[in-house]
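[1] Got a predicted model here, sequence first, then my questions.
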Amino acid sequence: SKAASEFAFASDTQIYAAGAASTVKVGAGVTGEYTIFFDKGGTADNGYFFGENITGFDASASTAKFTLVGHAGAKNTLTGGLTQNAIWGGSTDADTIVGNNSAVDTVWFGSTDGADNFSTVDKADAIQLYDVASADIANVTVAAGTDKDTVTVGTSVLTITDTGSAALKGGLTFTTSDGVGYTYDSTAKAL
């Protein structure tokens, strides 16, 4: 098997392809706003499209604003930039979403998204429950653990690693598909 390879992100390259498991790394000099699709079904006119072997994206050094849409049929590791990120892992198990403590991150999560992990979370971040209406919020459960919390939506589980930022105790918000916002109540253990 080949070793994983790494590509540098270039804003003038619209389509990326790789022959082996690969990661795209964004340099500190990249600024602006970008939408990245890790599947063929992307719909934005100005999106960047990545082939099926590219399952990693690391923008941790960049101040650009990223919208990342992961593969539906492959595990992704998606790391946002230093400014603002909107990230959806895609509808498969075990996507890894890494935010940034200096950014406002919005993670999209729904009832068929599998078992995802969201780390480097702070209380300014938000979870967008894109297929849960406010009338169904009682069906979303949140369980507090030691340095991690789990959000269950349908058959999907989002594990939130909370290593000191106390996001669920300090204001991490959840927004339903009809725009109603909730904050986790750590005393009642409910939204």
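    Great, that's in hand.
[2] so where's the chain shaky on pLDDT?
    1-4, 40-46, 162-171, 186-187, 189 (pLDDT under 70).
[3] The chain: helices as residue ranges?
    Ranges of helices within the chain are 167-170, based on DSSP state H.
[4] okay, which residue is most central for it?
    Geometric centre of the chain, nearest residue: residue 87, 3.4 Å, by Cα atoms, centre = their mean.
[5] contacting residues around the residue lying closest to that one once chain neighbours are set aside?
    Nearest in space to residue 87, with sequence neighbours left out and distances taken as Cβ to Cβ, 6 or more residues apart in numbering, is residue 68 at 4.6 Å. Heads up, the C-betas are built off the backbone N, CA and C, glycines and all. By Cβ atoms under 8 Å, 6 or more residues apart in numbering, the contact list for residue 68 reads 36, 38, 57, 78, 80, 85-88.
[6] one step back: the residue nearest to the centre of the chain touches residue 105, doesn't it?
    Yes. Taking Cβ atoms under 8 Å as the definition, residue 87 is a contact partner of residue 105 at 6.7 Å.
[7] Quick check: neighbours shared by those two?
    With contacts defined as Cβ under 8 Å, 6+ apart, the residues adjacent to both residue 87 and residue 105 are 80, 99.
[8] count of neighbours near residue 6?
    By the other Cβ atoms under 10 Å criterion, the neighbourhood of residue 6 contains 12 residues.
[9] Please give me every residue in contact with it.
    With contacts taken as Cβ under 8 Å, 6+ apart, residue 6 has the following neighbours: 22-25.
[10] before we move on, what about residue 74?
    Under the criterion of Cβ under 8 Å, 6+ apart, the contact partners of residue 74 comprise 38, 52, 55, 90, 92.
[11] And the buried ones among those, selectable in PyMOL?
    Here is the PyMOL command that picks out the buried ones among the contacts of residue 74, judged by 16 or more other Cβ atoms under 10 Å:
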select buried, resi 38+55+90+92
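[12] Which members of the contacts of residue 74 are positioned in strands?
    Members of those lying in strands (criterion: DSSP state E): residue 55.
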